[in-house]
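[1] here is the input, now give the coordinates:
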Amino acid sequence: MNAMTSEPVALRLLDREFHIACAPEERAGLVAAAQFLDGKMRELKSNAKVPGFDRIAVLAAVSIAHELLTLRGERANQEQALTDGLAALRKKLDGLVDASVK
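    Below is the predicted model of the structure:
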């Protein structure tokens, strides 16, 4: 992203406004991410004993990072299962081809 194509976007987190520059094609994703983060922060704020903005922001970041890492791990496991399944299928097909050639 270069400075010539970036434009400021106003994002609201817990009723605070932040301006962030981004490329026009990134705007929708950035707004959606901010809305997701705002929702997570509001959820945490409702359960927080000390509802400071910084504390809630850090808790939300850790919660989202944990969720991301969990999903990445699940995806890796699914990819491995798919790879293993395809390898087993290929072995069966190779066996069938070998048997039909003989």
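[2] how close does the residue nearest the centre of the chain get to Ala61?
    Central residue of the chain (Cα atoms, centre = their mean): Leu68, 5.3 Å from the mean position. Applying Cβ to Cβ, to the nearest Å, the value for Leu68 to Ala61 is 10 Å. C-beta: built from backbone N, CA, C; applies to glycine.
[3] and for Arg27?
    From Arg27 to Ala61 the distance is 22 Å (Cβ to Cβ).
[4] and if you look at Glu43?
    For Glu43 relative to Ala61 (Cβ to Cβ), the value is 14 Å.
[5] quickly list what's touching both of those two.
    Counting by Cβ atoms under 8 Å, 6 or more residues apart in numbering, Glu43 and Ala61 have no shared contacts at all.
[6] can you show me the strands along this protein?
    Using DSSP state E, the strands found in the chain span residues 7-13, 16-22.
[7] tell me the pLDDT at Val101?
    Val101 carries a pLDDT score of 74 in this model.
[8] which residues touch Leu37?
    Leu37 touches Leu13, Ala60, Ile64, counting by Cβ under 8 Å, 6+ apart.
[9] mind doing that once more with 10 Å?
    Leu11, Leu13, Leu14, Ala57, Ala60, Ala61, Ile64 (Cβ atoms under 10 Å, 6 or more residues apart in numbering).
[10] distance check, it against Ala99.
    58 Å.
[11] from Leu30, how far off is the residue nearest to Arg16 when sequence neighbours are not counted?
    Spatial nearest neighbour of Arg16, excluding adjacent residues (Cβ to Cβ, 6 or more residues apart in numbering): Phe53 at 6.8 Å. For Phe53, the distance to Leu30 (Cβ to Cβ) stands at 20 Å.
[12] quick check: angle from the longest helix along the chain to strand 7-13?
    Taking DSSP state H as the criterion, the chain has its longest helix at helix 53-101. Angle of helix 53-101 versus strand 7-13, following axes from the mean of the first three to the mean of the last three Cα atoms, to 10 degrees, is 110 degrees.
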